[in-house]
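Asker: predicted structure and sequence below. I'll ask about it afterward.
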Amino acid sequence: MIDLSVWIGKLHLPLPTLMGSGCYGSGEEYSPFIDLSQIGGVVLKSVTRWPRLGNATPRLVPTPSGMLNAIGLQNPGIDWYLEHEVQKFASRPCAIIGSVAGFSIDDYGYVTERLARRDEIAAVEINISCPNVASEGETFACDPKLTAKVVELARGVTDKPLIVKLSPNVTDITQIALEAQAAGADALAVINTVRAMSIDVDAWRPRLGNVTGGLSGAAIRPIALLAVYEVARAVHIPIIGQGGIETATDALEFFLAGASAVSIGTANFTDPRAPVQILDGVREYLRKREVQALADIVGKANVGFSNAHQYEGDEG
Amino acid sequence: MVVPPSGEQAAVALGVYEAEGERASFMLAVCGPRTRELAELAVGATIDLFGPLGNGFDLSRTYEQVAIVAGGVGIASVLLAAQALLAGSARVRLYYGARTKALLADAQKFTAAGCSVHCATDDGSFGHAGFITDLLAQSDEVPELILACGPSPMLRAVARVAAKRRVPAQLSLEEAFACGVGACWGCVVPIERSSAQAPRFPHLSTDGNRADPVYARICKEGPVFWAHELRW
């Protein structure tokens, strides 16, 4: 029996896969197509202090090897969410991780405190990196001091594991990662979507109602992998690698780069069986190499053997 | 949602065109890499799909006179409805429009099923030269119900004609879909809060403080909506 389990703070996940926030509803939406006990956990769609309508349409644009989205954090707000939604999560046969977004530092403390108090919620993701809310939301993830303040405040209101979701749209992601770690994050989700846009050349206007959006899917996988690799070398807390993971090989790249777990989002849109196929492939890979535990390969990409310098003279 | 076998492309949302026993068929227009991949499948190839998803035309009442409006590949979503209406003894008129004659596929299937078929093409190569909704507006018969599937500008025109002639209309909407199962809130349309299809979230209003409208998911609450309940 190969051990795929992972610890996110004091949360023990038997399987190292989470379904990305905003991509999977609360899990119920996918239950006709997949056994939720086989997927690890679901990160719920982000909830905010007040209800949010979300962005104007269109909200989705297919792009090469990926897609743009600009949903805009549509959600019913924390009051209604706690009263009508959260109790439904108790019966899910997988870990349920809440997600909190905000427009002020206080928002994060207020919503995290109320959400984390509920038994149905095993951990909380702090989404400081939504690219689709007129860049207000992402402001936090782009500023080390604001990141620290938000995480400190959330840390002060709950003992449950806190996962801080980082933005790739920054100059140095390791600096933000270190601030989040110092402020009390139990884990880091690396990365959120990459800011992007698309223009309709017939209509002379952007294809997204919000003008800009977040790029996800295979197109951003190498970007995400580098971010995980760099963050893993900077911090000691677990990393949940995410960004275009579609196959077991993709997931293994992230584990070798330093992710303890991975999150799957856009791949579910192509094939709802993707999480199970990824886990099957990872098990098979470890079994063939006689590795007993997934944790044994985390961060083990060997980067010490480069002999590129030998050719410096020849190649210029 | 039909999954292109390469796995490199997102799933394509298709309506069932024909169904008989254990066979179902789909019709698609090649308009990008995903539909091209599906169109180039060899005979005997295997594809993955998940569904059925969402809610189709509501034909729970019986009707005597129904108009069906189809634009382009929208024809693929109305054949089963036409057959069901005809089986229930309704008279069905099909208004079928496309850019050009070559894109008017399978009109004879509707004729054979017992519909009266009226066509329009943008370039005048077959039938009325102009919009199919011109024919709907000019029709001497006022149907009890209009069903429509096609591009968004056509559906909006159908909604206008239906409102003017005071005929209830069911529109099958299309958008770019991501999940197809109601999880991602990508494919939304503004709808009256009082609609039976409005999501239950009480606070979500598309214009601030007013009560209406709210966003409904085309993949989950739709894709078929009552025209008079849409606020688009």
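Answerer: Great, that's in hand. Numbering: from 1, shown residues only, chains lettered A, B, ... in the order given.
Asker: show me where the chain has helices.
Answerer: Going with chain A. Counting by DSSP state H, chain A has these helices, from start to end: A:78-80, A:105-116, A:136-139, A:144-157, A:173-182, A:221-234, A:248-257, A:267-270, A:274-288, A:312-315.
Asker: you looked at the wrong chain, it should be chain B
Answerer: Counting by DSSP H, chain B has helices at residues B:33-39, B:79-87, B:107-113, B:132-138, B:152-165.
Asker: all strands of chain B, in order?
Answerer: Per DSSP state E, chain B has strands spanning B:2-3, B:16-20, B:23-26, B:48-49, B:65-71, B:91-98, B:116-121, B:128-129, B:145-149, B:169-172, B:188-191, B:214-217, B:224-226. These are given in chain order.
Asker: can you lay out those strands as TSV showing mean pLDDT?
Answerer: Converted to TSV, the strands of chain B look like this (pLDDT from 0 to 100):
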stretch	mean pLDDT
strand B:2-3	85
strand B:16-20	91
strand B:23-26	92
strand B:48-49	88
strand B:65-71	97
strand B:91-98	97
strand B:116-121	97
strand B:128-129	97
strand B:145-149	98
strand B:169-172	98
strand B:188-191	93
strand B:214-217	91
strand B:224-226	97
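Asker: now tabulate those strands in TSV and tack on distance to B:Pro33 and mean neighbour count.
Answerer: Every C-beta, even on glycine, is put in place using the N, C-alpha and C of the backbone. Below are these laid out as TSV (distance: least, CB to CB, whole Å; neighbours: other CB atoms under 10 Å in any protein chain shown):
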stretch	distance to B:Pro33	mean neighbour count
strand B:2-3	14	20
strand B:16-20	22	14
strand B:23-26	17	12
strand B:48-49	17	14
strand B:65-71	23	26
strand B:91-98	23	25
strand B:116-121	27	19
strand B:128-129	33	14
strand B:145-149	24	27
strand B:169-172	24	24
strand B:188-191	25	25
strand B:214-217	25	25
strand B:224-226	28	21
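Asker: follow-up on the earlier one: turn the helices of chain B into a markdown table, including distance to A:Thr158 and mean neighbour count.
Answerer: As requested, the helices of chain B are arranged in a markdown table below (distance: least, CB to CB, whole Å; neighbours: other CB under 10 Å):
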| stretch | distance to A:Thr158 | mean neighbour count |
| --- | --- | --- |
| helix B:33-39 | 43 | 16 |
| helix B:79-87 | 52 | 19 |
| helix B:107-113 | 61 | 15 |
| helix B:132-138 | 57 | 20 |
| helix B:152-165 | 45 | 18 |
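Asker: out of these, which gets nearest to A:Asn127?
Answerer: helix B:33-39 (29.9 Å; CB to CB).
Asker: right, so of the helices of chain B, which gets closest to A:Pro161?
Answerer: For these, the distance to A:Pro161 is smallest for helix B:33-39, at 38.6 Å, taking CB to CB.
Asker: what mean pLDDT would you report for that closest one?
Answerer: Model confidence over helix B:33-39, given as mean pLDDT, is 89.
Asker: just give me how far that helix sits from the chain centre.
Answerer: Relative to the chain's own centre, helix B:33-39 is displaced by 20 Å; criterion: CA atoms, centre = their mean, to the nearest Å.
Asker: stretch B:76-93 now?
Answerer: Relative to the centre of its chain, stretch B:76-93 is centred 14 Å away, using CA atoms, centre = their mean.
Asker: do the same with stretch A:244-258
Answerer: Using CA atoms, centre = their mean, the mean C-alpha position of stretch A:244-258 is found 14 Å from that of the whole chain.
Asker: that stretch and chain B in contact?
Answerer: Yes: under the criterion of CB under 8 Å from any CB of the partner chain, chain B is reached by stretch A:244-258 at A:Glu246.
Asker: and that stretch, what's its mean pLDDT?
Answerer: Averaging pLDDT residue by residue across stretch A:244-258 gives 98.
Asker: in that stretch, what's buried?
Answerer: For stretch A:244-258, the neighbour count (16 or more other CB atoms under 10 Å in any protein chain shown) marks A:244-248, A:250-258 as buried.
Asker: list the contacts of stretch A:92-99.
Answerer: Outside stretch A:92-99, the residues within contact range by CB atoms under 8 Å, 6 or more residues apart in numbering or on different chains are A:11, A:13, A:18, A:21-22, A:26-28, A:35-37, A:39-47, A:89, A:115-116, A:118, A:120-127, A:163, A:165.
Asker: roughly how far does the spatially most central residue of chain B sit from A:Ala122?
Answerer: Most central in chain B under CA atoms, centre = their mean is B:Cys149, positioned 2.7 Å from the mean C-alpha point. As judged by CB to CB, to the nearest Å, B:Cys149 and A:Ala122 stand 43 Å apart.
Asker: low-scoring stretches of the chain, by residue?
Answerer: Since you didn't name a chain, this refers to chain A. By pLDDT under 70, the low-scoring segments of chain A are A:134-137, A:305-316.
Asker: um, chain B though
Answerer: Judged against pLDDT under 70, the low-scoring parts of chain B cover residues B:7-9, B:202-212.
Asker: residues contacting the residue in the stretch 151-300 of chain A that chain B sits nearest to?
Answerer: Nearest to chain B, among the residues of the stretch 151-300 of chain A, is A:Phe269, at 4.8 Å (CB to the nearest CB). Contacts were defined as CB under 8 Å, 6+ apart; by that measure A:Phe269 touches A:Cys23, A:Met67, B:Ala10, B:Ala11, B:Ala178, B:Cys179, B:Gly180, B:Cys184.
Asker: name the nearest residue to B:Thr111, sequence neighbours excluded.
Answerer: B:Val117 (5.2 Å; CB to CB, 6 or more residues apart in numbering or on different chains).
Asker: what residues are up against the one you found?
Answerer: B:Arg93, B:Leu94, B:Tyr96, B:Ala107, B:Phe110, B:Thr111.
Asker: what's across from the residue nearest to the centre of chain B in the sheet?
Answerer: In this structure, B:Cys149 has beta-bridge partners B:Ala70, B:Ser172, where bridges are defined by DSSP bridges.
Asker: was I right about B:Pro4 contacting B:Glu40?
Answerer: No: no contact is recorded between B:Pro4 and B:Glu40 when judged using CB atoms under 8 Å, the distance being 9.8 Å.
Asker: comparing the two, which residue is more hemmed in?
Answerer: Here B:Pro4 and B:Glu40 are compared on neighbour count by other CB atoms under 10 Å in any protein chain shown; more neighbours surround B:Pro4, at 21 against 10.
Asker: now the closest residue to the more buried one other than its chain neighbours: how far from B:Ile47?
Answerer: Using CB to CB, 6+ apart and skipping residues adjacent in sequence, the residue nearest B:Pro4 is B:Glu37, 4.2 Å away. Shown here: B:Glu37 relative to B:Ile47, a distance of 10 Å by CB to CB.
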